[in-house]
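**Q** Got a sequence here, can you build the structure:
(chains A and B)
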Amino acid sequence: MTNLRAIASTVAFALVLAGGGLVQLFAQTPDMLRSERRQLAAMPALSSLVDQGWMEGFEDFVADRFPGRDGFRALKAFTVLKAFRQSDLDGLYLADGHAGKFEPVNVASATRMAEKIKIVAAGLESQRLYYAIVPDKSYYTSRNFPGYDRLLVHQLLSERLSDLTEIDLTQALNLDAYYSTDLHWDQSRITPVVAALGEAMGFDASYTQTLQSLTAGSFSGVYASQLALPLLPDVMTYLTSASIDQSTANYLNPQTGLFEPAPIYQLDLFEQLDPYNLYMAGSQPLIVLENPAATTERELVLFRDSFGSALAPLLLPAYRKITVIDLRYLHIELLDQYLQVPPAADVLFVYSSQILNNSDTLMVPIR
Amino acid sequence: MLFSSVTFLYAFLPATLLVYFLVPQRTDSPKGRNHVLLGAGMVFYAWGGFWYLVILAAQIVAAWGFGLALERLRGRWGFKTVFVASVGVALSTLLCYKYTDFFIDNLNALFGSDLPALKLLLPLGISFYTFQILSYLIDLYRGTIAVQRNLGTFATYVSLFPQLIAGPIIRYADISEALTSRTHSIEDFAAGARRFVIGLAKKVILANTMGKLAATLGNTEHSSTLAAWGYLIAFALQIYFDFSAYSDMAIGLGRIFGFRFKENFNYPYIAVSITDFWRRWHISLSSWFRDYVYFPLGGSRVPIRRICLNLLLVWSLTGFWHGAAWNFIAWGGYFAVILIIEKFLLSGTLEKLPNWLTRCYTWLIVLIGWVFFDAGSLGGALETLGALFGANGVGADPTAWYHVESYALVLVMASIGATPLPTKAGKWLAERYPKFAAVAEPVVLIGLLVLCTAFLVNSTFNPFIYFRF
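**A** A predicted model of the protein is given here:
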């Protein structure tokens, strides 16, 4: 019996190792892994042998291209979250029907963020300056994840941004305002955010009640990709109205420095790697939205991250012109080249807590 | 290259095994297979840096040459001189790469000088293979082993990849026979595979998970008492599973290739005293220092004051072996003091106390020791010690609670895994239900390998603490 056990164990061990090795050797893997939304590591060039980079590159290549990678990732997530009953896997969690990722407030980064907003605001003539932070959705889960801390953020920002008016969005949102598999908010559920902004900035947001909701399709968000677990997909919708439909969007092409017209909602991008790019094409340095049907002359300058992509169209009925700026893709030194802010314009900084924790991504040097 | 990497598991290891076992077996002279191991060892080592390989090769050739010279000069003039030179050469490389900056920093601090640090990259496993080479040279000097005339065989000994970069420290005397004549069997292969997979699972699943918890809780400034204790317990489990797992994998791989390496760990966290702990933790290192430093200094057969000095010296050196920093020396010195107290004051008392109490005592002493070990500096160690005993004025914070609660089950699993219970249960099952074991064992091995692969293909956290030594 001992011998039988030894033979069985030897065969099992050899099969797994040799099998894994052989499959890896001959299996074809795509260069792009859609589930992880990234390029997989390529076989390193032999020239990198000189500086030892080849070994590291080869290890990345082998791990990235391992056959059944998604299945293994799912097994790991299942083991950690279900079998080991850990509350999260590197911050990723499943709670209240949502997949999410919590991240404690990075005090140093948030402090730098305040400095950066202050620098940008100081260069603008407007006196109507506002800021709002979008909490990550762990703030609303029934489980107390050590993530977004509203009081701490308020404390860190309000002291340093005394010239700006803080708009608290925490009451305007709830867990269902976010996609269940993604970090972003669901545009069809953020009309209370528009109302909160309207109340603080002095515009009537009652038009949000008449917005029409259209469906783009279903998608699995970034947290579903990161967890690799089979989760129910979300449905992406977008809100529109006659006023929004008539509005125009001109996108700054950073290569040419020219503005190019394109739709506000770009449905063709929904099928691509990041479906959230449906809203104003995702990562864009500067977009000018104009609403010819507006009954007001008000202008808004919106400094934002990806959350702002879904928000900006909903503000169009309240403004004639909205300039949407993403300082992650536009250096502050180029602002003057493209932006003239009338003193009466509203200026709103809307950033998610993720950017608050990664403020170095904003191209605003702190002197 | 880490054992716990996809590259090792699914490329290096199967390729090496295939080539090794394709070479015809000759029990009387396994030279062919030794050459495979030598080649594999070189590739394995060069993976971490070609320059390291040059240093290793130079060390091997030098030690082999000195060995031949010692053999030729035995009983003649120059024997001792050559021996001293051989030890000097072996140690100088270690001193140069590992300790130069430590001495420069301290000279600068002492004399206000501004000597620049060399910032040399430490060759992987240099502390381990240097001690292997030293054991060969000292044993040769003592005449307890025969010289190895074949450079290839000697190089195979030093560069055996299973234990090359993280031990255990294998003495030449322990495997000299196997180097020239060894057998292989399916039972040995299976036992080696079992040991390797268990080690891999300990490393990938338990050590890395505990490491994450330790990193999370140890990373907060002004830690609460709960965070400090949580960090310390997680670190204690991490370092045990990290290092003992690597030893398991080394011993398992050795057995697959026909070698029997001595055990390096024997459930140290069930020790009933610090003396007992050091008989169970990193056995190959503590026995090395015992046999090559402590005993030659007179061991325990000298006056009490001298014993105390010897212990202080040996344990400070043990600490210094782990790292070129004062916190490591303090860690070693701390254990020396405890060992002296146990030897002369507590031995009788500890024997009378119930095991649960002596285990708690040992745990506490060992945990405090890990504070010195893991701290970046003496100041850092004192800060952590303060946090442990409430100096920061915060008993528990919600973040620490969250993490401790989140990792609770793995903490329990790891704590049980650090005792002999799982091994005993496995043995009991195998003896009581042999048919079941014949089916269950391969299934468990496959399951663990698959699970480890799942943890590795998407791993962002896979450190190995003892690599830095």
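
**Q** I'd assumed residue A:23 was in contact with residue B:14.
**A** No: with contact taken as C-beta atoms under 8 Å, residue B:14 and residue A:23 are classed as non-touching, separated by 11.5 Å. The way it works is simple: take the backbone N, C-alpha and C, and place the C-beta from them, glycine included.

**Q** what about these two, which has more around it?
**A** When neighbours are counted by other C-beta atoms under 10 Å in any protein chain shown, residue B:14 comes out ahead of the other of residue B:14 and residue A:23, with 19 against 13.

**Q** The host helix or strand of the more buried one: what's the following helix or strand?
**A** Residue B:14 belongs to helix B:13-22 when assigned by DSSP states H and E. Toward the C-terminus, helix B:13-22 is succeeded by helix B:31-46 as the next helix or strand (DSSP H and E).

**Q** Now do the nearest residue to residue B:49 once chain neighbours are set aside against residue A:61, distance only.
**A** Closest residue to residue B:49 in three dimensions, ignoring its sequence neighbours and counting by C-beta to C-beta, 6 or more residues apart in numbering or on different chains: residue A:52, at 5.9 Å. Spatial separation of residue A:52 from residue A:61 under the definition C-beta to C-beta, to the nearest Å is 15 Å.

**Q** which of these two has more neighbours?
**A** residue A:61 (19 against 16).

**Q** these two touch, right, the more buried one and residue A:48?
**A** No: the pair residue A:61 / residue A:48 is not scored as a contact, 11.4 Å apart, by C-beta under 8 Å.

**Q** And residue A:289, its phi and psi?
**A** phi -100, psi 130 (degrees, to the nearest 10).

**Q** hang on, the earlier thing: would you mind measuring from the residue nearest to residue B:49 to residue B:47?
**A** Separation of residue A:52 from residue B:47 (C-beta to C-beta) stands at 9 Å.

**Q** about what we covered before: what's the helix holding residue B:14 packed up against?
**A** In terms of contacts (3 or more C-beta pairs under 8 Å, 6 or more residues apart in numbering or on different chains; DSSP states H and E), helix B:13-22 is packed against helix A:2-26, helix B:31-46.

**Q** Of all these, which one is nearest residue A:145?
**A** Nearest of these to residue A:145, taken as C-beta to C-beta: helix A:2-26 at 35.7 Å.

**Q** Following the chain past that closest one, name the next helix or strand.
**A** strand A:32-33.

**Q** Give me the contact list for that following strand.
**A** Taking C-beta atoms under 8 Å, 6 or more residues apart in numbering or on different chains as the criterion, the residues outside strand A:32-33 that touch it are A:38-40, A:64, A:69-70, A:273.

**Q** Give the buried residues for the regular element (helix or strand) spanning residue B:80.
**A** Residue B:80 is part of helix B:79-94 when elements are defined by DSSP H and E. Going by neighbour count (16 or more other C-beta atoms under 10 Å in any protein chain shown), the buried part of helix B:79-94 is B:79, B:82-83, B:86-87, B:89-90, B:93-94.

**Q** Identify, from the residues you listed, the entry nearest to chain A.
**A** Out of the buried residues of helix B:79-94, the one with the shortest distance to chain A is residue B:93. That distance is 20.2 Å, counting by C-beta to the nearest C-beta.

**Q** Could you pull up the residues touching the closest one?
**A** Counting by C-beta under 8 Å, 6+ apart, residue B:93 touches B:55, B:58-59, B:126, B:130.

**Q** switch the cut-off to 7 Å
**A** With contacts taken as C-beta atoms under 7 Å, 6 or more residues apart in numbering or on different chains, residue B:93 has the following neighbours: B:55, B:59, B:126, B:130.
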